[in-house]
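# The following comprises the amino acid sequence and a computationally predicted model.
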Amino acid sequence: MKLSTNRLYTLCNKYQWFTNGDNAQYGMMFERNKEGASLETLATIIWICSTGWRERDILKILKEEADL
């Protein structure tokens with residue numbers, strides 16, 4: 001399963017994810033996505049830089065939104 005960078009960006013804005021990360025970290029997350037990082041890896045990255053979210057809830061949303 002995969003997410004486009006645009007879709008990942010939209011989800012981060014919609015759910016207010018990554019609010020504790022800086023611009024460099026945000027860029028690194030998108031780069032990892034372009035390199036084919038798993039949804040599990042992306043969920044962990046997002047969770048580390050977010051407040052008020054559980055990693056498994058982020059992963060669930062990513063899986064629901066991913067291209068099958």
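Right, received. Where do you want to start?
# which stretches of the protein form helices?
Per DSSP state H, the chain carries helices over the ranges 5-15, 23-34, 39-48, 55-65.
# highest average neighbour count across those helices?
Among the helices of the chain, ranked by average contacts under mean count of other CB atoms under 10 Å, first place goes to helix 39-48 (a mean of 18). In this view, the C-beta of every residue, glycine as well, is placed from N, C-alpha and C.
# That helix to helix 5-15, inter-axis angle?
40 degrees (axes from the mean of the first three to the mean of the last three CA atoms, to 10 degrees).
# and helix 39-48 with helix 55-65, angle?
Using the same axes, to 10 degrees: helix 39-48 against helix 55-65 is 130 degrees.
# what's helix 39-48 in contact with?
Here helix 39-48 makes contact (CB atoms under 8 Å, 6 or more residues apart in numbering) with 1, 3, 8, 12, 17-18, 21, 29, 32-33, 37, 53-56, 58-59, 62-63, 66.
# mind redoing it with 6 Å?
1, 17-18, 29, 55, 58-59, 62-63 (CB atoms under 6 Å, 6 or more residues apart in numbering).
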